[in-house]
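Student: here is my input; please provide its structure:
(one chain, ligands or ions: 1)
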Amino acid sequence: MTAESKKIVVLISGSGSNLQALIDKQQAGQISGQLVAVISNKQNAFGLTRAEKASIATHVVDHTQYSSRSEYDQALANVIDTYQPDLVVLAGFMRILTPEFVQKYVGKMLNIHPSLLPKYQGLNTHQRAIDAKDETHGVSVHFVTEELDGGPVVCQAEIPILPDDTAETLAERIHTKEHIIYPLVVEWFCQNKLVMKANQAYFDNQVLPSTGVPYVEKS
Ligand code: GRF
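Tutor: You can find the predicted model right below:
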């Protein structure tokens, strides 16, 4: 780890395939930051196994053991803060966060959401895009603000919705894009190319448009 290398804590609740993409890119030298810890709110999250295999410290902060959202978020922050991270990455962390928690990490917390934000904030995004007969669907990486799935978008990848798509097939194709754009964005942050100021995302000192940096597949 170099002196400037950023410390990254990843929060998960489930499979952790996005975490795996980050681990793989870090191991390939394509993420210059250091994944220092993975924290799950669920004991059985498979992502914990992925982290252990990569020799990353793991913690479970089980939300069922806390009587209020704010107590839980305080306990979670206590664990996060032992690592003094530069960046907190939400990678399928299925919890609504309190405004106090979000404020603590504002400008240094990213989330990935499976829709072309601002469309389809919240859950069941793939089915909602199919039901609306949208021609395209996608995924967004954004800075986390107090508005659920509402912070400034950093990068989006868009894919066509095919006539036979189900929520499952669409989710699968979206996932492959997630695994490309999330590591890219994390590395931009690690390289200080990406910052959030006054509720706006800046890339190379330029304010990003509301759709962020478009991800265009290289052929
Ligand atoms: C992804 O679809 C992500 O967009 C959403 O939660 C899912 C996490 O998947 N926020 P995984 O645990 O990384 O496989």
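
Student: measure Asp73 to the ligand for me?
Tutor: Using CB to the nearest ligand atom, to the nearest Å, one gets 18 Å for the distance from Asp73 to the ligand. Just so you know, the C-beta spots here come from the backbone N, C-alpha and C atoms, and that holds for glycine as well.

Student: count of neighbours near that residue?
Tutor: 22 (other CB atoms under 10 Å).

Student: next: Ser70.
Tutor: Using other CB under 10 Å, Ser70 has 13 other residues around it.

Student: check the offset of the helix or strand encompassing it from the chain's centre.
Tutor: Per DSSP states H and E, Ser70 falls inside helix 69-81. Centroid separation between helix 69-81 and its chain, computed with CA atoms, centre = their mean, to the nearest Å, is 18 Å.

Student: same check, this time on stretch 145-165
Tutor: For stretch 145-165, the distance to the chain centre is 12 Å (CA atoms, centre = their mean).

Student: now swap in stretch 195-209 and tell me
Tutor: Between the centre of stretch 195-209 and the centre of its host chain there is 18 Å, according to CA atoms, centre = their mean.

Student: would you mark the buried spots in it?
Tutor: Val195, Met196, Ala201, Tyr202, Phe203, Leu208 (16 or more other CB atoms under 10 Å).

Student: take those residues and keep only those in helices.
Tutor: Nothing among these maps onto helices, per DSSP state H.

Student: as a markdown table, those with pLDDT and distance to the ligand would be great.
Tutor: Below are those laid out as a markdown table (pLDDT from 0 to 100; distance: CB to the nearest ligand atom, whole Å):
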| residue | pLDDT | distance to the ligand |
| --- | --- | --- |
| Val195 | 97 | 22 |
| Met196 | 97 | 19 |
| Ala201 | 98 | 18 |
| Tyr202 | 97 | 23 |
| Phe203 | 97 | 21 |
| Leu208 | 97 | 19 |
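
Student: now the residue of the chain found nearest the ligand, nearest residue through space, not along the chain?
Tutor: Residue of the chain nearest the ligand, by CB to the nearest ligand atom: Gly92 (2.6 Å). With CB to CB, 6 or more residues apart in numbering as the criterion, Gly92 has its nearest non-adjacent residue at 5.0 Å, and that residue is Gly14.

Student: and the one you found, how many neighbours?
Tutor: Other residues within reach of Gly14, judged by other CB under 10 Å, total 18.

Student: which residues of this protein lie near the ligand?
Tutor: Counting by CB under 6 Å from any ligand atom, the chain comes close to the ligand at Gly14, Ser15, Gly16, Ser17, Asn18, Ala91, Gly92, Ile112, His113, Pro114, Glu178.

Student: brilliant, that's me finished.
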